[in-house]
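Peer 1: here's a sequence, model it:
(chains A and B)
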There are 2 protein chains.
Amino acid sequence: MAVSLEFDPKHKRVIVSEPESVSSLVNGYYGHMHKGIISLFPEEALYLMDIRNARCHDMAGNEYKFNDIAAAFESRKQMARYFTYKDWRDRGMIARQVSEICEKFGRNSMKKYPGGKFEMNRFAMQGRFYPDDLWTVIDEEFIGKELYDSQWFGQFGSYKAEQRGKLSKLDVYETLFLMRHCGLHLQNAKEADVIKFAKRQHSDFLHMYDVYEDWRLRGFVLKTGFKFGTHFRIYFPGASPARSNDEWIHSRHVVHVFPRSSKMLISEWARAIRVAHSVKKTFILAIPGEKKKKKESKHALHTNLDFLLYHRHKGGIENPKEGKPKYLMFSLSEEEYIGGEELADAIEECKRIGLELLLAISDRETSVTYYLIKRIELPGSKYEYYEIEWEQP
Amino acid sequence: MAVSLEFDPKHKRVIVSEPESVSSLVNGYYGHMHKGIISLFPEEALYLMDIRNARCHDMAGNEYKFNDIAAAFESRKQMARYFTYKDWRDRGMIARQVSEICEKFGRNSMKKYPGGKFEMNRFAMQGRFYPDDLWTVIDEEFIGKELYDSQWFGQFGSYKAEQRGKLSKLDVYETLFLMRHCGLHLQNAKEADVIKFAKRQHSDFLHMYDVYEDWRLRGFVLKTGFKFGTHFRIYFPGASPARSNDEWIHSRHVVHVFPRSSKMLISEWARAIRVAHSVKKTFILAIPGEKKKKKESKHALHTNLDFLLYHRHKGGIENPKEGKPKYLMFSLSEEEYIGGEELADAIEECKRIGLELLLAISDRETSVTYYLIKRIELPGSKYEYYEIEWEQP
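Peer 2: Take a look at the predicted model:
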């Protein structure tokens, strides 16, 4: 039998009082039960009308359709929230309102990365800077080869054929790093010129460089991520371009830089993750800029996120009666913009509450893609890094 | 024996007069020979110094290194041009200067797409628009199902489970199209409101819609390309969501919209093509906006492109003596911006000269990726569309 919902237009409430409907909803963990009556949250009412064939009437017997109830509860990004809620429910799992959070769950985790240290002697080296293209070329064969072999700076010779040619070509991140830390002098530019020309091309250049420098100083090797659709690819400390048995070393991580102040279309953001995924790399999101130190307030359990998600558990599903939620859902849609600051705040909220952050993106066809965000601990760094994994929950 | 180059700083010229050097260069199709002396173009001189171990001196016996010669011939995007030139030469093929173009080559081609026509009766339909999320929901089951089954408008029921639910959800392109062409009325918005809210999200919305409408009116079906990292995926005329033998129909083409007035980082542009390639879709670039009708001038053979490329031919290579060039190279680097207008102009130049356009993108490590651009003939359309293929020449 179809569930029957009662809408009270005056108090803006959808309730269920008919006994058979009540018991079928209680078992599905919908709404709040009080004295035998269930009060539903808007998404729950919409879902029951959409999928469970629920009919909704007011006391006077007027029928309300999906759009009528949605109009009554109009809210920001209402459909993005609804479609992602629906998808979680359609997968057979439980989603509840974030207003129910009343404890810290301690279910978030952290990825530990190795710590290293950059070590190289300063020595005299000279290059010419090409301001239009942001490359530096070093004529001196011995120096170029040493930079390349010892720390994998620049491209000596030709790409994948180091023996072909004797020049070394540095990209603009390598150029600035070697100027600051290893004594590189340019015939035709000072440090400020390099920065000026790079910023003309890329207003976010210094944020990109900050990330490059942060990992380099911890012993990681960063090279262009162009082939993998990201800003950098990363090798763990100790990597070098030298190949054993003629095998090319493959990076396993790529980094995308997303400054706090910048905004990006969700579809563009997802595209970057998709390329990394298609080439089996771990996608690291860098949010450069100093971490804000927020005081832990009495509202520590408040969140702007969208839903509290219960996941699967030993062949069954987690539920509010016997277990804890696992994720906080951030509901988004394909055509929306997300800001670096906004994402950093969402991650911070999850950390406080002790749950993992799950981004749920509804595309224009209402198909939902999930990305799980895990914090990275990079010893000694003051910036924030996250691994982003594509999830099929 | 190493090639020996002579630099004349006063006339800014690099020549080769030593007989053994001359004959080895003539066979490699370098420079211009006049009275037994070869004059080299800057990229040629740099290449010979970089790869062929050439030494360069002036009359006074001073030696010039790579950077010295590059400095003498300083030019716009000099290294992007050099690295792409080098890569073509490294692959064993010949690249020459575009100043040598003196005929129309008639070697460009065109992809013909089928022509169709959109046909659907106007009928009364109502929906509610969600301005924050840009979706429209239609409550009426019969109408939503008809729109979905007959023309694949919206998502009826659930994604990949049409039987689940009775609502129809239209995206904003479908919403505007159905308002304009099929009599859709929204309870809470006029056409101008839909456009206003869509433009707030996406300043290029109307360009995107123009492309959507152009293909739809020719009978193609367009749905979101989110999963493939592009704006739309396209099905050829006659496609429907109905599956035979429970098999999902797969699109083979995706469309990315690149308005004339917009600019995009080469790395972001390449990322979009890369996703399409990884899922084996043909990538179509749309440059919306009316084609400019340029008069064919007396300078019809002039071009701003970078090199004239000879390709492979029957196990050997094409060369200027016995054959014609095949491509015009547009040399780019990863960190550069490209504009829609600039790309459209490059394509137009190639069309005039009768060669295929090959984009050559040097990444920060000087590894070069090639994309071949082919014009699409879409019968009846006034816009420009191109297939972009990743090439390994």
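
Peer 1: rounded mean pLDDT for the helix or strand containing A:Glu20, please.
Peer 2: Secondary structure from DSSP states H and E places A:Glu20 in helix A:19-26. Helix A:19-26 carries an average pLDDT of 92.

Peer 1: same check on stretch A:206-214?
Peer 2: 97.

Peer 1: list the buried residues for that stretch?
Peer 2: A:His207, A:Met208, A:Tyr209, A:Asp210, A:Val211, A:Tyr212, A:Glu213, A:Asp214 (16 or more other CB atoms under 10 Å in any protein chain shown). Where C-beta positions appear, they are placed from N, C-alpha and C, glycine not excepted.

Peer 1: for the helix holding A:Glu20, name the packing helices and strands.
Peer 2: Contacts defined by 3 or more CB pairs under 8 Å, 6 or more residues apart in numbering or on different chains; DSSP states H and E place helix A:19-26 against strand A:37-40.

Peer 1: show me which of the buried residues of stretch A:206-214 is closest to A:Pro241.
Peer 2: Nearest to A:Pro241, judged by CB to CB, of those is A:Tyr212 at 17.4 Å.

Peer 1: surely that closest one is in contact with A:Thr224?
Peer 2: No: the pair A:Tyr212 / A:Thr224 is not scored as a contact, 10.6 Å apart, by CB atoms under 8 Å.

Peer 1: please enumerate the shared neighbours of the two.
Peer 2: Counting by CB atoms under 8 Å, 6 or more residues apart in numbering or on different chains, the common neighbours of A:Tyr212 and A:Thr224 are A:Phe232.

Peer 1: after the lengthiest strand in chain A, which helix or strand is next?
Peer 2: Assignment by DSSP state E gives strand A:368-377 as the longest strand of chain A. Per DSSP H and E, the first helix or strand lying C-terminal to strand A:368-377 is strand A:384-391.

Peer 1: quick one, that next one and strand A:368-377 angle?
Peer 2: Here the directions of strand A:384-391 and strand A:368-377 differ by 150 degrees (axes from the mean of the first three to the mean of the last three CA atoms, to 10 degrees).

Peer 1: now what about strand A:384-391, what contacts it?
Peer 2: So strand A:384-391 is contacted by A:111, A:255, A:273-274, A:277, A:282-287, A:291, A:344, A:347, A:358, A:369-376, A:378 (CB under 8 Å, 6+ apart).

Peer 1: rerun at 7 Å
Peer 2: With contacts defined as CB atoms under 7 Å, 6 or more residues apart in numbering or on different chains, strand A:384-391 is touched by A:111, A:273, A:277, A:282-287, A:291, A:344, A:347, A:358, A:370-376, A:378.

Peer 1: which element is the residue lying farthest from the centre of chain A on?
Peer 2: In chain A, A:Ala60 marks the outermost C-alpha relative to the chain mean, sitting 48.1 Å out by CA atoms, centre = their mean. Using DSSP H and E, A:Ala60 is not contained in any helix or strand.

Peer 1: what sits against the nearest residue to A:Phe156 once chain neighbours are set aside?
Peer 2: Leaving aside its chain neighbours, A:Phe156 sits nearest to A:Tyr148 (3.7 Å; criterion: CB to CB, 6 or more residues apart in numbering or on different chains). A:Tyr148 is in contact with A:Gly154, A:Phe156, A:Glu162, A:Ser168, A:Pro241, counting by CB under 7 Å, 6+ apart.

Peer 1: how about 8 Å then?
Peer 2: Per CB under 8 Å, 6+ apart, neighbours of A:Tyr148: A:Gly154, A:Gln155, A:Phe156, A:Glu162, A:Ser168, A:Pro241.

Peer 1: for the residue nearest to A:Leu134 when sequence neighbours are not counted, what are its contacts?
Peer 2: Excluding its sequence neighbours, the residue lying closest to A:Leu134 (CB to CB, 6+ apart) is A:Val172, at 4.0 Å. Residues near A:Val172 by CB under 8 Å, 6+ apart: A:Leu134, A:Trp135, A:Thr136, A:Val194, A:Ala198, A:Phe205, B:Glu335, B:Arg364.
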